[in-house]
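Peer 1: Compute the structure for the input listed below.
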Amino acid sequence: MKKLLNTIYVTRAESYLHKERETIVIKNGDEKLGQFPALAISHIVCFGNISVSPFLMGYCGEQGIGLSFHTEYGKFLARVVGQQSGNVLLRRTQYRFADDAVRSLLIAKSFVGAKISNARAVLQRELRNHPDNALHSEVEQVIEHLALSVRHIESAQDMPSIRGIEGDAAARYFSVFNSLIRGAGFVFDGRVRRPATDPVNALMSFIYSLITSECSSALQSIGLDPQVGFLHTDRPGRLSLALDMLEEFRAAIADRLVLTLINRKQITPSDFVTEASGAIRLKDDARKAVLVAYQNRKQEEIMHPYLEETIPIGLLPHCQAMLMARHLRGDMTHYPPYLLK
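Peer 2: Model prediction:
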């Protein structure tokens, strides 16, 4: 099994990264912020105005070190990609599957079914741990509805039906999400994107972006094209397959981490600022705290429900990319998505 390596998150504005022998050096002006052995690094994630030397970019591309750039809000901007790895026959098979409506539908069902099942598991865990939830009966009703949605996904005959069921399930899930939040000063009235206009949505979007970037890198490392998906349609610049895979991890990893950060008061309303446009973003110190918590969560070990191996959470994108490749090659009849236990 692949070893989980470290991720470098660079958040300090105007920092500069370069390669020095077999190490990665981070400087801000004349101040050296850190120096890390390149062999221990799997990803470098840059936020805001960060500069990277061309030689380090080339090295990352050659060595398969993920290098991505994001806005201060965490919105993905770009990533450095070296030569395509993996067998070209795998990618040709991926493209044929994507052009096949029947095969695409089956894979899309796996992604959406897992998304809904994992959202349901988050709500079930909430009722087990907090039976005094003020909206207990409403949460129970949503849990029942989501179970029905999963069954509807299994019998869906086309992509519009799947997307309709997904949209309805997401609306139901988020309608009770606020009752899971116990941090003072936080209110969630529904999912808002581009840009987020409240702290909870800002936190969600930030973590979703991190996971999408890691899914893209995992797919690329296996030899798959992260831009050609089965649920999300093709669009220039869109990481469609990475976004497909994100669906499995939204509730299972991202939403649970959001709730942990808020309910344990690791993040408070004062950790956010409102821009002139009305967009909400994390302050620099808070963003660092979120990244530390996210990195710690990635180190936690779980039993993979399909592989039946104990792995760090941070390896889930790699494992799912590997399973997708096996399915496309014909080694597996169906793609087994990650399901929260």
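Peer 1: I'd like the distance between residue 341 and residue 118.
Peer 2: Using Cβ to Cβ, to the nearest Å, we find residue 341 at a distance of 10 Å from residue 118. Glycine gets a C-beta too; all of them are placed from N, C-alpha and C.
Peer 1: show me what contacts the most centrally placed residue in the chain?
Peer 2: Nearest to the mean C-alpha position of the chain, by Cα atoms, centre = their mean, lies residue 211 at 2.3 Å. Going by Cβ atoms under 8 Å, 6 or more residues apart in numbering, residue 211 touches 246, 249, 253, 254, 317.
Peer 1: what about the fourth one, neighbour count?
Peer 2: This points to residue 254. By the other Cβ atoms under 10 Å criterion, the neighbourhood of residue 254 contains 23 residues.
Peer 1: Surely it is in a strand?
Peer 2: No: per DSSP: H, G, I helix; E, B strand; the rest coil, residue 254 lies outside any strand segment and is helix.
Peer 1: which ones are touching it?
Peer 2: 204, 207, 208, 211.
Peer 1: and the second one, that's in a helix?
Peer 2: Yes: checked against three-state DSSP, residue 207 lies within a helix.
Peer 1: so it touches residue 290, yeah?
Peer 2: Yes: contact criterion Cβ atoms under 8 Å: residue 207 and residue 290 qualify, at 7.3 Å.
Peer 1: Quickly name whichever of the contacts of residue 211 is closest to residue 302.
Peer 2: Of all those, residue 302 sits closest to residue 253, with 10.3 Å by Cβ to Cβ.
Peer 1: hang on, the earlier thing: the more surrounded of residue 341 and residue 118?
Peer 2: Shown here are residue 341 and residue 118; by other Cβ under 10 Å, residue 118 has more neighbours (25 against 10).
Peer 1: Surely that one is in contact with residue 252?
Peer 2: Yes: contact criterion Cβ under 8 Å: residue 118 and residue 252 qualify, at 4.3 Å.
Peer 1: which parts of the worst-scoring helix or strand of the chain on mean pLDDT are buried?
Peer 2: None of the helices or strands of the chain scores lower by mean pLDDT, DSSP states H and E than strand 76-80, at a mean of 77. Within strand 76-80, the residues that count as buried by 16 or more other Cβ atoms under 10 Å are 76, 79, 80.
Peer 1: Starting from that strand, tell me the next helix or strand along the chain.
Peer 2: helix 88-99 (DSSP states H and E).
Peer 1: where in the stretch 1-150 of the chain is pLDDT low?
Peer 2: 1-5, 73, 83-86 (pLDDT under 70).
Peer 1: can you pull out the helices in it?
Peer 2: For the stretch 1-150 of the chain, the helices defined by DSSP state H, counting those that start in this stretch cover 54-63, 88-99, 101-129, 136-155.
Peer 1: Can you dump the C-alpha atoms of the last one in CSV for me?
Peer 2: Right, the one you point to is helix 136-155. C-alpha atoms of helix 136-155 as CSV (Å, rounded to 0.1, in the frame of the first residue of the first chain):
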residue,chain,number,x,y,z
HIS,A,136,-34.6,15.1,16.7
SER,A,137,-37.8,14.2,14.9
GLU,A,138,-37.0,16.3,11.8
VAL,A,139,-33.5,14.7,11.6
GLU,A,140,-35.1,11.2,11.8
GLN,A,141,-37.5,12.1,9.0
VAL,A,142,-34.5,13.3,6.8
ILE,A,143,-32.6,10.0,7.6
GLU,A,144,-35.6,8.0,6.4
HIS,A,145,-35.9,10.2,3.3
LEU,A,146,-32.3,9.8,2.5
ALA,A,147,-32.6,6.0,2.7
LEU,A,148,-35.4,6.2,0.2
SER,A,149,-33.3,8.4,-2.0
VAL,A,150,-30.5,5.8,-2.1
ARG,A,151,-33.1,3.2,-3.3
HIS,A,152,-34.3,5.7,-6.0
ILE,A,153,-30.7,6.1,-7.2
GLU,A,154,-30.4,2.4,-7.7
SER,A,155,-33.5,2.4,-10.0
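Peer 1: and it, how far from the chain's centre?
Peer 2: 24 Å (Cα atoms, centre = their mean, to the nearest Å).
Peer 1: Could you check how many residues crowd around the closest residue to residue 166 other than its chain neighbours?
Peer 2: In this structure, residue 166 finds its nearest non-sequential neighbour in residue 112, 4.8 Å apart by Cβ to Cβ, 6 or more residues apart in numbering. Neighbour count of residue 112, defined by other Cβ under 10 Å: 26.
Peer 1: Report the residue ranges of every domain in the chain.
Peer 2: 6-80, 88-329 (automatic domain parsing).
Peer 1: Just put those in CSV and tack on distance to residue 337.
Peer 2: Listed next are the domains of the chain as CSV, based on distance: least, Cβ to Cβ, whole Å:
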stretch, distance to residue 337
domain 6-80, 22
domain 88-329, 3
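Peer 1: The closest residue to residue 336 other than its chain neighbours in helix, strand or coil?
Peer 2: Nearest residue to residue 336, sequence neighbours excluded (Cβ to Cβ, 6+ apart): residue 306, at 4.3 Å. Three-state call for residue 306 (three-state DSSP): coil.
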